[in-house]
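Student: My questions concern the predicted model and sequence given below.
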Amino acid sequence: PNLTFSSPLDFQVPNDGSNRIFIVEQGGTIRSFVNNPNAESSAVFLDIATKVTSGGERGLLGLAFHPQFSSNGFFYVNYTRTFGGKLQTVIARFTATGTNKDSVSSSSEQILLTTDQPFSNHNAGSLAFGSDGYLYVPLGDGGSGGDPLEHGQNRKSLLGSILRIDVDNPSGGKNYGIPSSNPFVGNSSGFLEEIYAYGLRNPFKISFDKGSGRLYAADVGQSAREEVDIIESGKNYGWNTMEGKICYSPSNGCNQSGLTLPIHDYPRSVGQSITGGYVYRGAELPSLKGRYVYGDFASGRIFALFYDGSTASNAELFDTELQISSFGTDENQELYVVNYGGTLHKFTKK
């Protein structure tokens, strides 16, 4: 309650035993503090505001700590910049040094990959490491409305996809490698081998369930439906043929063959911009165990979705006044919500 942040967009912990929370601010700063409700100040961990183009859906959007962060100090960020007169998404690695890995020089940046963004919106955001050790990178469809450049169904473009890359074994002259098990490795059609799944509009928040291993993505809709997807290798999630579970282009009678539909979607009467969360695996709230807790940026509603691998059931938990920009889990897997207005909130028992 003593801390506020500037347009916070992500909440991450390094799981290094330090009990620290790291908050990503859209303008280009990452701040940290010890996880204590009485904390009175936060420290600047990284400041790359001079590198970042922010505003609207642009900015410093996501953070992921390397699984061996405590020894190598590596962490990865997703941000937008202006380069050569064009807007770009940048996925980069920085290195934290010092005994507590709390000192970072902006000059330690190693850019892994970049991709041009034709419009200012739909830049996706979060990053996540899987239990396989690979980094998963969500990218939106390039922006505007309705996917006018048809990136969602174009596997020759990185946009509109979830990428999977190997940050530990660079190859092919790049600062990353491509896992041999990626679905389009060795294809003869020109499909980009970084792509793990495609057909997405703006999957701003992704997360792995530490119990089942499933990769959840919340994909922001166009004008009718918001959706939750389980991301699996090689699958096509339908955009812009489908929006949620309904046809988008054409609006009726669209060809759904080969498409993977969301496990849950909801209409604009419920919310207008889904914010993905986490499957709860903490100990303080048994009633939420195994449920995917997520929210909506526009309506402030928070939901719990239970998915057993075949069917899903959804319940509303709260109707808040918050602009829900992210969720987070601490080292004990307890759950938090991030308010874009600058405050952090923890899920607790009544």
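Tutor: Nice, I can see it.

Student: all contacts plus neighbour counts: C-alpha atoms, from now on.
Tutor: Will do.

Student: Tell me the strands beside the longest strand seen in the chain, with direction?
Tutor: Across the chain, the longest stretch assigned as strand under DSSP state E is strand 86-97. In the sheet containing strand 86-97, its partner strands are strand 74-83 (antiparallel), strand 103-104 (antiparallel), strand 110-117 (antiparallel), by DSSP bridges.

Student: Give me whichever of the ones you listed is most buried.
Tutor: Mean neighbour count (mean count of other Cα atoms under 10 Å) peaks for strand 74-83 among the strands paired with strand 86-97, with a mean of 21.

Student: which residues sit against that one?
Tutor: The contact list for strand 74-83, computed with Cα atoms under 8 Å, 6 or more residues apart in numbering, reads 51-54, 58-66, 68-69, 87-96, 123, 125-127.

Student: quick one, helices of the stretch 101-250 of the chain?
Tutor: Using DSSP state H, counting those that start in this stretch, the stretch 101-250 of the chain contains no helices.

Student: those strands in it, which residues are they?
Tutor: Here the stretch 101-250 of the chain has its strands, by DSSP state E, counting those that start in this stretch, at 103-104, 110-117, 128-129, 135-138, 161-165, 195-198, 205-208, 215-219, 225-231, 242-243, 246-247.

Student: residues of the longest strand of the chain that come out buried?
Tutor: Residues 87-97 are the ones in strand 86-97 that count as buried (16 or more other Cα atoms under 10 Å).

Student: Stretch 153-164 now?
Tutor: Of the residues in stretch 153-164, 153-155, 157-164 count as buried by neighbour count, 16+ other Cα under 10 Å.

Student: tell me how far that stretch is from the chain's mean position?
Tutor: Distance of stretch 153-164 from its chain centroid, counting by Cα atoms, centre = their mean, to the nearest Å, is 15 Å.

Student: neighbours of the residue lying closest to Leu159 once chain neighbours are set aside, just the number please.
Tutor: Of all residues not flanking Leu159 in the chain, Asp141 sits nearest, at 4.9 Å (Cα to Cα, 6 or more residues apart in numbering). Other residues near Asp141 come to 36 when the count uses other Cα atoms under 10 Å.

Student: What of Thr29?
Tutor: 20.

Student: Run through the bridge partners of it.
Tutor: Applying DSSP bridges, one finds that Thr29 bridges with Glu25, Asp47.

Student: Can we start the residue count at 758 from this point?
Tutor: Sure thing, new numbering starts at 758, so read that last one as Thr786.

Student: follow-up on the earlier one: got a markdown table for the strands paired with strand 843-854, with mean pLDDT and distance to Gly968 too?
Tutor: Formatted as a markdown table, these follow (pLDDT from 0 to 100; distance: least, Cα to Cα, whole Å):
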| stretch | mean pLDDT | distance to Gly968 |
| --- | --- | --- |
| strand 831-840 | 98 | 24 |
| strand 860-861 | 93 | 32 |
| strand 867-874 | 98 | 30 |
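
Student: got these as TSV, with distance to Thr998 columns?
Tutor: TSV is the format used below for these (distance: least, Cα to Cα, whole Å):
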stretch	distance to Thr998
strand 831-840	27
strand 860-861	44
strand 867-874	21
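
Student: With Thr1017 as the reference, name the closest of those strands.
Tutor: strand 867-874 (25.7 Å; Cα to Cα).

Student: Alpha carbons of that closest one, as CSV, please.
Tutor: The C-alpha coordinates for strand 867-874 follow below in CSV (Å, rounded to 0.1, in the frame of the first residue of the first chain):
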residue,chain,number,x,y,z
GLN,A,867,22.3,-8.3,-26.2
ILE,A,868,19.5,-8.1,-28.7
LEU,A,869,18.2,-11.5,-29.6
LEU,A,870,15.7,-10.6,-32.3
THR,A,871,13.7,-7.7,-33.7
THR,A,872,10.7,-7.5,-36.0
ASP,A,873,9.1,-4.5,-37.6
GLN,A,874,5.7,-3.4,-36.4
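
Student: got the angle between it and strand 918-922?
Tutor: Counting by axes from the mean of the first three to the mean of the last three Cα atoms, to 10 degrees, strand 867-874 lies at 160 degrees to strand 918-922.

Student: who's in contact with strand 867-874?
Tutor: 843-851, 880, 899-900, 915, 931-933.

Student: Mind pulling the model confidence for Ala974?
Tutor: Per-residue pLDDT puts Ala974 at 98.

Student: ok, of the buried residues of stretch 910-921, which one's closest to Val1036?
Tutor: Ile919 (19.3 Å).

Student: From the buried residues of strand 843-854, pick the one nearest Gln1029.
Tutor: Nearest to Gln1029 among the buried residues of strand 843-854 is Thr846, at 24.3 Å by Cα to Cα.
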